[in-house]
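A.B. asks: need a structure here:
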Amino acid sequence: MKGYPLICLALLSSYSYAQRPDQNWEPGIGGEISVITGYTRSTSQFNTDNKTLSSPDQKASTQSSFLIAPLGTLDYTFASADKQIFFGTRRSDVALGRFHLELGYRQKFEDAGIFSFSYVPGLLKQKTWADPFILNEDREETKVKTRALRLTADNIMGSNFSAELAVGNQSYDSEKSGFANFSAEDQKLLNREGNVAFTEGSYSQFVGRGMILRGALNYTRIDSEGEAMAHDIYGSEVSVIQMMRSSSFILTLSYDYADFNAINPVFDKKQKDHRWGAFLAYEYREPFGWKDWSAISLLGYNQSQSNITFYDEDSLLATVGLDYKF
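C.D. replies: Numbers count the residues shown, from 1 in each chain. Purely as a prediction, here's the structure:
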């Protein structure tokens, strides 16, 4: 596992997408329910279908599967129509290739923007290996989760600037990296548990004919207990959002550079990763004349190239589904 951004990418799901900027909040209970189906494929040493590793230089296995899943959000807007409690995932996050399940509060301020505070409880866990480096015997599965507090500010002071800050903790049910083959000192260097901090600034600009351009810069600190696993991630994103009368799509391209703190004792070198992502989200409103329904789809690809072959990864996701708003 490689920290907060890739955890989110691995949990990508199709949902509905960016809300129209002029959409007003209506007092009372609202939300959305989606049912999606799709195909996922990933090539990674952390795929849990390949239990045995014969060499750290062994080519990563490819795992593919089909999925069908219900998703949803629920919110309550107060009578003033400027305060809201919400639970679920933000539509804009999924369109940008991220997925967080969160509980929070948001408020609109006239001419000052929308501010929200939320808690990511870590309900969604991902499978990985307790010790990825065991050779010639079955590796034991474990699960990793991230809990976090998240603060976002959209359209700050009525501008096109937005910002986000999140802090949290990444924990494993069973962290045994290096226990089978390495010394106690090396095991400490390989410990993946620790704290996470993420910050991002973004700017969006209408360019006419329903098109919005969005650019973002972000920084992530994975402060793992093991120095060989602790690292900084410097990221960027560019999105094109096109809104049409009955449909909309968002194309997002991203690039991250990850720089690790110390030499990895398994490979005798310090890890450095280059990560690319591309995501295309599409929504078609009221198919067949169905009011409050949308047909939704997401196509996403992510690749990580490391100076340590063991950590090379790529993943593909394609989904289609239906979304109902109430």
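
A.B. asks: Which stretches in the stretch 1-150 of the chain count as strands?
C.D. replies: According to DSSP state E, counting those that start in this stretch, the stretch 1-150 of the chain carries its strands in the segments 28-44, 61-77, 83-88, 102-109, 113-120, 126-129, 141-154.

A.B. asks: tell me which residues in stretch 273-284 are buried?
C.D. replies: 273, 275, 277, 279, 280, 281, 282, 283 (16 or more other CB atoms under 10 Å). For glycine as for every other residue, the C-beta is placed from the backbone atoms N, C-alpha and C.

A.B. asks: Redo these as CSV? Include distance to residue 142.
C.D. replies: Putting the buried residues of stretch 273-284 into CSV (distance: CB to CB, whole Å) gives the following:
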residue, distance to residue 142
273, 22
275, 23
277, 26
279, 28
280, 33
281, 32
282, 36
283, 36
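
A.B. asks: Farthest pair within these?
C.D. replies: Using CB to CB, the pair of the buried residues of stretch 273-284 lying farthest apart is 273 and 283, separated by 32.1 Å.

A.B. asks: coming back round to it: need the strands of the stretch 1-150 of the chain in TSV (columns: mean neighbour count, mean pLDDT and distance to residue 194).
C.D. replies: What follows is those, written out as TSV (neighbours: other CB atoms under 10 Å; pLDDT from 0 to 100; distance: least, CB to CB, whole Å):
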stretch	mean neighbour count	mean pLDDT	distance to residue 194
strand 28-44	17	91	21
strand 61-77	14	87	27
strand 83-88	18	93	27
strand 102-109	17	94	21
strand 113-120	18	93	16
strand 126-129	19	89	15
strand 141-154	18	92	11
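
A.B. asks: could those strands be laid out in a markdown table, adding distance to residue 307?
C.D. replies: Written out in a markdown table, the entries for the strands of the stretch 1-150 of the chain read as follows (distance: least, CB to CB, whole Å):
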| stretch | distance to residue 307 |
| --- | --- |
| strand 28-44 | 17 |
| strand 61-77 | 21 |
| strand 83-88 | 38 |
| strand 102-109 | 34 |
| strand 113-120 | 31 |
| strand 126-129 | 21 |
| strand 141-154 | 23 |
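
A.B. asks: what's the closest of the ones you listed to residue 308?
C.D. replies: Here strand 28-44 is closest among the strands of the stretch 1-150 of the chain (CB to CB), at 13.2 Å.
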